[in-house]
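S.K.: Sequence first, then the predicted structure:
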Amino acid sequence: MDTLHAVRAGGITRCFGEVVALDSVDLDVTQGQIHGLVGPNGAGKTTLLGLLLGLAVPDGGRLDILGTPVERALAVPDGVAGFVDAPGLYPSLTARQNLATLAGLRGEDVRTAGIDDVLDQVGLTDVADDRTRGFSLGMRQRLGLAAALLTRPRLLVLDEPANGLDPAGKRHVHRVLTRLAADGTSVVLSSHHMDDLEALCAEVTILDTGRVVFSGPLNKLAAENRELDYRLRTSDPDAARRQADGTAGIRIVDGAGAPQDSEVVVVRGLVPALDELVAGLVRSGVAVRELAPVVSPLEAAFLALTEQRENGG
Ligand SMILES: Nc1ncnc2c1ncn2[C@@H]1O[C@H](COP(=O)(O)OP(=O)(O)OP(=O)(O)O)[C@@H](O)[C@H]1O
């Protein structure tokens, strides 16, 4: 048995009639890893998460979950919890009653303390005795996460868990997921929020129309041969522009989406050219006060993918 991998998927295919939702997808998620799925609408993220939750089986390929091959029958694999689309809740029951009922359906006798603990972890203690009918999207998401936590999963699968979360809710969810991963639980989540993925995930898989276009650590994405736009703030913007103009591999991009700021010059280039530019500025006695990508490497990769598609590439 493979104890180091929570998920091993090789050449997974899943079709809906003529639509190929997943086309020979490989995915490896190690124990204790938070793995993000990114991709434009319809890329296949929810379909893949559904396979991990046992809501459907692949049409082809091999899928091992927590060391066990997935068979043809639909069933939630042992040790897996989570939800796609939205968590299933009983609107006429309170948050606390929902958790007790869901545990009861699984044949578990969960103690009140266990329920209080997960409600506290997701920040819903104050509304524990309110009916979920009036819950906002973010509160439902957090209650769904609490329900999953009650099962003490070894693999947690979440479809856009950040949807509808306010900053406090987001902090609770981040803290819960980080703690779970530190304790050895693997997490696979999809998101359209690049900042969440960057804050949480060790690795990401980018899907586009059912195919994997990148899979691996975020820093590998940053190191890829892709030019990025950087905000360059210096003590002398005119000198910075002259230096950028004279540095091979660097272009000045005006109006590149950075907020208007006369001290900032936006430059485009690869990391080695950028190093040259900074060295040149320092030699000329110009202080570099800020140098940061206008959009993160993950967002840049995502935008490049979308642009390529829009241009028919
Ligand atoms: N039950 C279904 N019946 C028919 N087609 C489906 C079904 N589920 C998904 N699809 C199709 O499969 C493809 C992948 O859909 P999926 O929902 O997995 O994408 P996604 O990446 O989760 O998208 P989004 O970001 O919009 O949630 C899409 O073309 C979708 O229309």
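M.R.: That came through fine. Numbering: from 1, shown residues only.

S.K.: can we go C-alpha only for contacts and neighbour counts from here?
M.R.: OK.

S.K.: what pLDDT does G54 get?
M.R.: Note for G54: predicted pLDDT of 89.

S.K.: Doesn't it belong to a strand?
M.R.: No. Residue state for G54 (DSSP: H, G, I helix; E, B strand; the rest coil) corresponds to coil; a strand is not indicated.

S.K.: Next up, phi/psi of it, please.
M.R.: Main-chain dihedrals, G54, degrees, to the nearest 10: phi 80, psi 20.

S.K.: interface residues of the chain facing the ligand?
M.R.: Within reach of the ligand by C-alpha under 6 Å from any ligand atom, the chain has these residues: F16, A21, G39, P40, N41, G42, A43, G44, K45, T46, T47.

S.K.: Any chance of a markdown table for these, columns distance to P217?
M.R.: What follows is the residues of the chain next to the ligand, written out as a markdown table (distance: C-alpha to C-alpha, whole Å):
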| residue | distance to P217 |
| --- | --- |
| F16 | 31 |
| A21 | 24 |
| G39 | 16 |
| P40 | 20 |
| N41 | 22 |
| G42 | 23 |
| A43 | 20 |
| G44 | 20 |
| K45 | 18 |
| T46 | 21 |
| T47 | 22 |
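
S.K.: Out of the residues you listed, which end up buried?
M.R.: A21, G39, P40, A43, G44, K45, T46, T47 (16 or more other C-alpha atoms under 10 Å).

S.K.: check contacts around the fifth one.
M.R.: When contacts are counted by C-alpha atoms under 8 Å, 6 or more residues apart in numbering, G44 is found next to A21, L22, L207, D208, T209, G210.

S.K.: Neighbour-wise, give me the winner out of these.
M.R.: Within those, neighbour counts (other C-alpha atoms under 10 Å) peak at L22, which reaches 27 neighbours.

S.K.: Are we agreed that that one is in a helix?
M.R.: No. The assignment for L22 (three-state DSSP) gives strand, which keeps it out of a helix.

S.K.: There's contact between it and C15 in this structure, I believe.
M.R.: Yes. Between L22 and C15 there is a contact under C-alpha atoms under 8 Å: 6.8 Å.

S.K.: Just the residues of the chain next to the ligand: which are in strands?
M.R.: Using DSSP state E, the subset of the residues of the chain next to the ligand located in strands is F16, A21.

S.K.: Show me which of the residues of the chain next to the ligand is closest to T68.
M.R.: Of all the residues of the chain next to the ligand, T68 sits closest to T47, with 19.8 Å by C-alpha to C-alpha.

S.K.: Which residue, other than its chain neighbours, is closest to that closest one?
M.R.: A21 (7.0 Å; C-alpha to C-alpha, 6 or more residues apart in numbering).

S.K.: The one you found against C15, yeah?
M.R.: Yes. Between A21 and C15 there is a contact at 5.4 Å, judged by C-alpha under 8 Å.

S.K.: Which elements pack onto whichever strand or helix holds E299?
M.R.: Assigned by DSSP states H and E, E299 belongs to helix 297-310. Judged by 3 or more C-alpha pairs under 8 Å, 6 or more residues apart in numbering; DSSP states H and E, helix 297-310 is in contact with helix 194-200, helix 218-223.

S.K.: all strands of this structure, in order?
M.R.: 5-16, 19-30, 34-38, 60-65, 68-69, 80-83, 155-159, 186-190, 203-208, 211-217, 228-234, 251-252, 264-269, 288-293.
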